[in-house]
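Novice: what shape does this take:
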Amino acid sequence: MFENHVPVLLKEVIENLNPKSNQNFVDCTLGGGGHAVEILKITSPHGMVLGIDLDKSAIEIAKLKIKNEKLKIDRLIAVNGNFKDLKKIVLQSNFKNISGILFDLGFSSLEIADPKKGFSFQIDAPLDMRYSGKGITAAEIINSESKSKLIEILRDYGEEKFAKQIAKKICEMRQKKPISTTFELVKAVSQGVPKKFQHGRIHFATKTFQAFRIAVNDELNNLKIALPQAVEMLLPGGRLAVISFHSLEDRIVKQFFKRESTDCLCPKDIPVCQCKHKASLKIITKKPIIPTEEEAKINPRSRSAKLRVAEKLAN
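Specialist: Residues are numbered from 1 along each chain as shown. Modelled structure (predicted):
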């Protein structure tokens with residue numbers, strides 16, 4: 001099942017990170033290793049990739065892919081960890097001279113295909129949704145949080161317009177029996193979403209599953225924590241590339257890039273700068289790069305992908 005993992009916007013990522021022989025890069029979301037393998041090919045013979053992933057099995061798949069491509073496995077430093085600890089991981093790995101850092105925020109086909117994870121509404125599985133296997137599960141959140149908190153999660157993390165109705169149905173169902181599987185959650189969603197809205201291009205449970213996945217893994221906060229560390233770790237002239245898959249992530253990246261490409265952040269009515277903020281980035285992509293029609297057709301999961309890239313300024 002892992003052979004089918006296709007890296008999103010691969011050509012565009014390589015063009016914008018612009019790796020060269022013997023340079024070092026960090027892949028904060030190693031996944032199946034698709035991006036990392038391509039970077040290792042171009043940065044041969046001595047360039048290295050520090051790959052971070054919460055999922056140990058993804059790391060093993062990436063290592064296998066590197067071996068299959070006849071690349072030296074010791075050119076990959078693979079760390080099972082959370083990219084919110086990026087600086088700590090870089091320092092502990094003694095990884096230096098970083099020319100580029102990549103975040104691919106999509107969860108891979110490896111995750112979807114794993115029947116134990118419960119990420120997909122198309123596979124009946126336990127409601128886990130943890131990338132790392134540690135911490136609170138989706139089932140625990142769904143069965144223990146108040147109705148108001150469920151509404152907040154669905155609205156804020158899923159941008160679900162039927163959040164109130166879905167939360168109400170979840171609460172009704174769990175009173176009779178805990179909601180423990182993906183199909184049970186789909187049933188609750190189907191009772192909360194009006195029938196006429198259940199036949200669109202996007203499955204009616206997509207936003208609910210997104211919301212609980214983000215809540216379980218604290219994805220948005222992790223991104224906010226990691227982005228400043230990425231800028232700090234880069235060499236001047238190094239590039240930061242982020243692929244997001246929904247508006248919440250993209251908004252965080254866009255706002256961060258805008259803030260860090262601006263010198264003064266003081267309100268406009270203050271005549272003299274008080275904040276002393278200095279720009280640390282130059283935005284490379286004025287508008288996000290999106291997949292071509294051809295890529296979206298070959299890899300439907302890439303349809304919502306947006307790539308933003310910025311370059312670290314010299315101090």
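
Novice: can you verify I101 is assigned to a strand?
Specialist: Yes: using DSSP: H, G, I helix; E, B strand; the rest coil, the assignment for I101 is a strand.

Novice: tell me who's in contact with it.
Specialist: Residues in contact with I101 (CB atoms under 8 Å, 6 or more residues apart in numbering) are 25-26, 28, 86, 230, 233-234, 238-241. Where C-beta positions appear, they are placed from N, C-alpha and C, glycine not excepted.

Novice: beta-bridge partners for it, please?
Specialist: V26, L240 (DSSP bridges).

Novice: what sits against A241?
Specialist: With contact taken as CB under 8 Å, 6+ apart, A241 is in contact with 13, 16-17, 100-103, 307-309.

Novice: N24 too?
Specialist: 43, 47-50, 95-99.

Novice: of the residues you listed, just the buried ones, PyMOL syntax please.
Specialist: Filtering the contacts of N24 down to the buried ones (16 or more other CB atoms under 10 Å) takes a single PyMOL command:
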select buried, resi 43+47+48+49+50+95+98+99
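
Novice: of the contacts of N24, which belong to strands?
Specialist: In this view, the contacts of N24 that belong to strands under DSSP state E are 49-50, 98-99.

Novice: now the two most distant members of the residues you listed.
Specialist: Across the ones in strands among the contacts of N24, the longest distance by CB to CB is 11.8 Å; it joins L50 and S99.

Novice: what's the overlap in contacts for these two?
Specialist: With CB under 8 Å, 6+ apart as the test, L50 and S99 both reach 24-25.

Novice: Three-state assignment for K207, please.
Specialist: Classification of K207 using three-state DSSP returns helix.

Novice: now it: closest residue in space that isn't a chain neighbour?
Specialist: G158 (3.8 Å; CB to CB, 6 or more residues apart in numbering).

Novice: quick check, pLDDT for the one you found.
Specialist: On pLDDT, G158 comes in at 95.

Novice: is it in contact with T208, as I believe?
Specialist: Yes: G158 lies in contact with T208 (CB atoms under 8 Å); the separation is 5.8 Å.

Novice: so which of the two has more stuff around it?
Specialist: Using other CB atoms under 10 Å, the more surrounded residue of G158 and T208 is T208, with 29 against 24.

Novice: would you mind listing the buried residues in whatever helix or strand K168 lives in?
Specialist: Assigned by DSSP states H and E, K168 belongs to helix 163-176. Going by neighbour count (16+ other CB under 10 Å), the buried part of helix 163-176 is 163-171, 173-174.
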